[in-house]
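> need a structure here:
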Amino acid sequence: LKSIIPPWTGPMKRNDLRCIDLNLLVVFEALIQERNLTRAAEKLSLGQPAVSAALVRLRRLFNDPLFERIGRRMVPTSRALRAAQTLGPALDCVCTAITDTRV
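Presented below is the predicted three-dimensional model:
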């Protein structure tokens with residue numbers, strides 16, 4: 001796993017999000033749920049190579065392996081599990097903000 005130096009220093013600020021492909025977070029969520037590259041790809045209507053490439057980028061972004069292969073399953077690291085607890089509700093909030101039609 002290559003270590004990367006994030007483009008920000010200290011805690012991430014909202015403006016730093018411009019450096020991140022937020023689509024990766026959707027792939028991360030599918031991987032957490034499915035624990036399998038092929039099933040995550042099917043769920044997202046993507047090819048397995050695209051999900052595999054996204055996982056490489058996610059690993060660099062988080063500076064963590066995120067998942068370890070054990071047999072046919074991908075077991076999330078403790079870092080991945082902590083991130084999933086925060087990202088799931090955050091993605092729900094984004095969806096709600098975009099689809100909220102109240103005036």
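> low-confidence ranges, the protein, go.
1-9, 103 (pLDDT under 70).
> all strands of the protein, in order?
With DSSP state E as the criterion, the chain has strands at 67-70, 73-76.
> what about stretch 78-89, distance to the chain center?
Here the centre of stretch 78-89 is set off from its chain's centre by 9 Å, with Cα atoms, centre = their mean, to the nearest Å.
> just the buried residues of it, please?
Neighbour-count burial for stretch 78-89, counted by 16 or more other Cβ atoms under 10 Å, picks out 80, 83-84, 87. C-beta: built from backbone N, CA, C; applies to glycine.
> with distance to Thr96 added, can I get these in JSON lines?
Below are the buried residues of stretch 78-89 laid out as JSON lines (distance: Cβ to Cβ, whole Å):
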{"residue": "Ala80", "distance to Thr96": "24"}
{"residue": "Ala83", "distance to Thr96": "20"}
{"residue": "Ala84", "distance to Thr96": "19"}
{"residue": "Leu87", "distance to Thr96": "15"}
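> circling back to that earlier point, most tightly surrounded among the strands of the chain?
strand 73-76 (a mean of 16; mean count of other Cβ atoms under 10 Å).
> chain center to it, what's the gap?
14 Å.
> may I have the strands that pair with it, each with its orientation?
strand 67-70 (antiparallel) (DSSP bridges).
> which residues touch the partner strand?
31, 35, 55, 74-77, 80 (Cβ atoms under 8 Å, 6 or more residues apart in numbering).
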